[in-house]
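> Requesting a structural model of the entry that follows:
(one chain, ligands or ions: 1)
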Amino acid sequence: MEGDKPTTVMCTVVGMDQTSFCYRVCSFCERTLPDNPSSLCKFCNFNSTPNSNSVSSSKRLFRLLISIATDTKVKMVICFDRAARVLFGCSADCFLDFAQIHPFAAMTASKVLQGEMFKMTLNKPKNGNAQHLRVATVVPLSSSFRPVIEILREKYGERSPRAHFYQGAVS
Ligand SMILES: [Zn+2]
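Numbers count the residues shown, from 1 in each chain. All right, here's what the predicted structure looks like:
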């Protein structure tokens, strides 16, 4: 059907949902896990790492809800990890670590993205119950675009973020 073909739009980001922008998955098989941090992957837990109490058996991936304005309308689209990394310039874990230290990081991220123009390819969700179009690819239109994390690090005065993150994080 013609309606199921991906569409390419030029759009401006109007905003981002700051309350929910990522989800937990198993770091081995990437199956979605419940939000409860103590829940482990049933599959990998039994099959591959029976004796390990690894704390890194889950990781987070982006799932951003953003509103975009095209030349005809404003709509909400959902942006999964691969596309979201283009916007953020880092992994969801990396951003959340940053947000732990800087509580307003998500709000600032939303502000940084607001008004940025992108070329996006949008797909109809495969799951018929999903209500938002999915962002398949995103390309910044401005040559001066910089990923969110770079701008945040600059704003918060972290010019050598690596050193900052790993000091103290290593036990
Ligand atoms: Zn797993």
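> Could you show which parts of this structure are in contact with the ion?
Within the chain, the positions near the ion by C-beta under 5 Å from the ion are 26, 28, 29, 41, 43, 44. Just so you know, the C-beta spots here come from the backbone N, C-alpha and C atoms, and that holds for glycine as well.
> which of these tops the neighbour count?
residue 41 (22 neighbours; other C-beta atoms under 10 Å).
> Contacts only, for it.
26, 28, 29, 31, 33, 57, 58 (C-beta atoms under 8 Å, 6 or more residues apart in numbering).
> Low-confidence stretches in the protein?
The chain contains residues with pLDDT under 70 at 1-3, 45-56, 158-171.
> In space, not sequence, find me the middle residue of it.
Centroid check for the chain by C-alpha atoms, centre = their mean gives residue 62 as the closest residue, at 2.7 Å.
> Next, format the contacts of residue 41 as JSON lines and append secondary structure and distance to residue 12.
Output for the contacts of residue 41, formatted as JSON lines (DSSP: H, G, I helix; E, B strand; the rest coil; distance: C-beta to C-beta, whole Å):
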{"residue": "26", "secondary structure": "strand", "distance to residue 12": "36"}
{"residue": "28", "secondary structure": "coil", "distance to residue 12": "38"}
{"residue": "29", "secondary structure": "coil", "distance to residue 12": "37"}
{"residue": "31", "secondary structure": "coil", "distance to residue 12": "35"}
{"residue": "33", "secondary structure": "coil", "distance to residue 12": "34"}
{"residue": "57", "secondary structure": "coil", "distance to residue 12": "39"}
{"residue": "58", "secondary structure": "strand", "distance to residue 12": "34"}
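> got TSV for these, with distance to residue 108 too?
Below are these laid out as TSV (distance: C-beta to C-beta, whole Å):
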residue	distance to residue 108
26	30
28	33
29	33
31	32
33	28
57	30
58	26
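> Return the member of these nearest to residue 80.
Within the contacts of residue 41, the smallest distance to residue 80 is 14.6 Å, found for residue 31 (C-beta to C-beta).
> Count the neighbours of that closest one for me.
Counted with other C-beta under 10 Å, the neighbours of residue 31 add up to 12.
> Regarding it, what are the backbone dihedral angles?
phi -70, psi 150 (degrees, to the nearest 10).
> which residue ranges form the helices in this structure?
42-47, 81-88, 92-101, 105-113, 148-155, 161-166 (DSSP state H).
> Compare these and give me the one nearest residue 126.
helix 81-88 (15.4 Å).
> coming back round to it: now distance to residue 122 too, for the helices of the chain, in a markdown table please.
Formatted as a markdown table, these follow (distance: least, C-beta to C-beta, whole Å):
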| stretch | distance to residue 122 |
| --- | --- |
| helix 42-47 | 32 |
| helix 81-88 | 10 |
| helix 92-101 | 21 |
| helix 105-113 | 17 |
| helix 148-155 | 21 |
| helix 161-166 | 32 |
